[in-house]
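Participant: I'd like to go over a predicted model; first the sequence, then the structure.
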Amino acid sequence: MTFTAIDFETATSFHPCSVGIVTVENGVIVDEYVTLIKPPNNEYNPFTIRVHGIYPHHTANAKSFAQVFPEIQKRLQNRVVVAHNESFDRGVLAKSMALHGLDYETLNIGDRWECTVKIYKAKGLKPTKLSDCCQAMNIQLNHHEALSDARACAKLFLLK
């Protein structure tokens with residue numbers, strides 16, 4: 001079991017304000033990375049702030065997506081990527097890359113990632129929100145904190 005789990009928190013639609021990445025080698029977590037990301041114009045939707053508690057003042061001096069991307073790239077490139085509701089996180093990554101003139105294809109990670117929502121739905125778990133899956137599998141979670149969400153996703157994938 002060698003893969004990378006990722007979770008984005010967003011400020012507006014697909015503009016990330018935080019990313020958490022957990023690298024797993026042979027079933028063992030070997031690296032964890034988390035950072036705040038300054039969204040374009042440091043703009044936020046009030047709804048997303050209520051979800052994750054990240055405010056513009058938290059990211060006022062944070063790096064942009066383009067500045068953070070080398071750290072993301074070195075953890076994702078040529079890897080199996082896992083996310084909870086993968087279409088959301090994959091979309092955030094692909095759209096953010098396109099916005100900054102970066103070619104998604106260079107990551108060599110494919111258009112479909114492993115998805116713990118789909119895995120646990122297929123196992124019959126309902127509902128399949130990350131918090132519900134973690135409760136069912138007895139995994140500690142500080143929900144909507146990017147690193148905690150990525151770590152929980154990695155643990156769910158290891159238990160699949």
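Facilitator: Nice, thanks for sending it over.
Participant: remind me which residues of this structure are low pLDDT?
Facilitator: Counting by pLDDT under 70, the chain contains no low-confidence range.
Participant: partners of whichever strand or helix holds V24, with directions?
Facilitator: Using DSSP states H and E, V24 falls within strand 15-25. Here strand 15-25 has these sheet partners by DSSP bridges: strand 3-12 (antiparallel), strand 28-36 (antiparallel).
Participant: Now tabulate those in JSON lines and tack on distance to P127 and mean neighbour count.
Facilitator: Every C-beta, even on glycine, is put in place using the N, C-alpha and C of the backbone. Output for the strands paired with strand 15-25, formatted as JSON lines (distance: least, Cβ to Cβ, whole Å; neighbours: other Cβ atoms under 10 Å):
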{"stretch": "strand 3-12", "distance to P127": "18", "mean neighbour count": "24"}
{"stretch": "strand 28-36", "distance to P127": "26", "mean neighbour count": "15"}
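Participant: So for L99, which of those sits nearest?
Facilitator: Evaluated over the strands paired with strand 15-25, closeness to L99 peaks at strand 3-12, with 12.2 Å, by Cβ to Cβ.
Participant: quick one: that closest one to chain centroid distance?
Facilitator: From the chain centre to the centre of strand 3-12 is a distance of 2 Å (Cα atoms, centre = their mean, to the nearest Å).
Participant: mind exporting it as PDB, just the C-alpha atoms?
Facilitator: What follows is strand 3-12 as a C-alpha-only set of coordinates in PDB (Å, rounded to 0.1, in the frame of the first residue of the first chain):
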ATOM      1  CA  PHE A   3       0.000   6.100  -2.100                       C
ATOM      2  CA  THR A   4      -0.600   9.800  -1.300                       C
ATOM      3  CA  ALA A   5      -3.700  11.200   0.400                       C
ATOM      4  CA  ILE A   6      -4.700  14.800  -0.200                       C
ATOM      5  CA  ASP A   7      -7.300  17.200   1.100                       C
ATOM      6  CA  PHE A   8      -8.000  20.800   0.100                       C
ATOM      7  CA  GLU A   9      -9.900  23.400   2.100                       C
ATOM      8  CA  THR A  10     -11.300  26.100  -0.200                       C
ATOM      9  CA  ALA A  11     -11.800  29.800   0.200                       C
ATOM     10  CA  THR A  12     -14.200  30.200  -2.800                       C
END
